[in-house]
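Enquirer: what would the 3D arrangement of this be:
(one chain, ligands or ions: 1)
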Amino acid sequence: MNAGCQVIDLAEYQDLRMIVRANIRSFLRHGTAKARGAMIESVAAVMRKYGKKKMSFGSYEVVLGQDGDFYFPLIRAKRVTKGCPRCGREKGLLYISTQKQDLLGPRDLVTWGCRDCGEIFARWDPNERSGKRCLK
Ligand SMILES: [Zn+2]
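Expert: So this is what the prediction gives:
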């Protein structure tokens, strides 16, 4: 499947959640900036079209964010762990979004995706203000 081609036939997928999940999984599988952009665009477009502001999935929820004319999905993991809760991977994860910015502290709550198993989870990671950007 071409990562740049995220047009999904809505007649085939009546279930909106399935479409959103498929887009997120597609991004996790390809892991490229291009796939990430396509996922953000598609999920935001689908949520807007069907008037969804928030959708809940097993281990995460998707909230529609807005910045001026720009709409984007905020993917927030429900579980906070050190590494992938399914396979244990701690490095080489895919950045999905920042759930919470600790404005005074050195860490942000970041949503990560696992390349191996597609799990989505959150972890506290050092931000720019900590002086170290290591993704331990
Ligand atoms: Zn995993």
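Enquirer: am I right that residue 112 sits in a strand?
Expert: Yes - applying DSSP: H, G, I helix; E, B strand; the rest coil, one finds residue 112 inside a strand.
Enquirer: give me every residue that touches it.
Expert: Residues touching residue 112, when contacts are defined by C-beta atoms under 8 Å, 6 or more residues apart in numbering, comprise 77, 84, 93, 94, 95, 96, 120, 121, 122, 123. Where you see a C-beta, it was placed from the backbone N, CA and C, and this is true even at glycine.
Enquirer: buried members of these into ChimeraX, please.
Expert: This is how ChimeraX selects the buried members of these, with burial counted by 16 or more other C-beta atoms under 10 Å:
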select :77,84,93,94,96,120,121,122,123
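Enquirer: what's the closest of the contacts of residue 112 to the ion?
Expert: Proximity of the contacts of residue 112 to the ion (C-beta to the ion) peaks at residue 84, which lies at 3.2 Å.
Enquirer: is it true that that closest one touches residue 119?
Expert: Yes - under the contact definition of C-beta atoms under 8 Å, residue 84 touches residue 119, with a separation of 5.2 Å.
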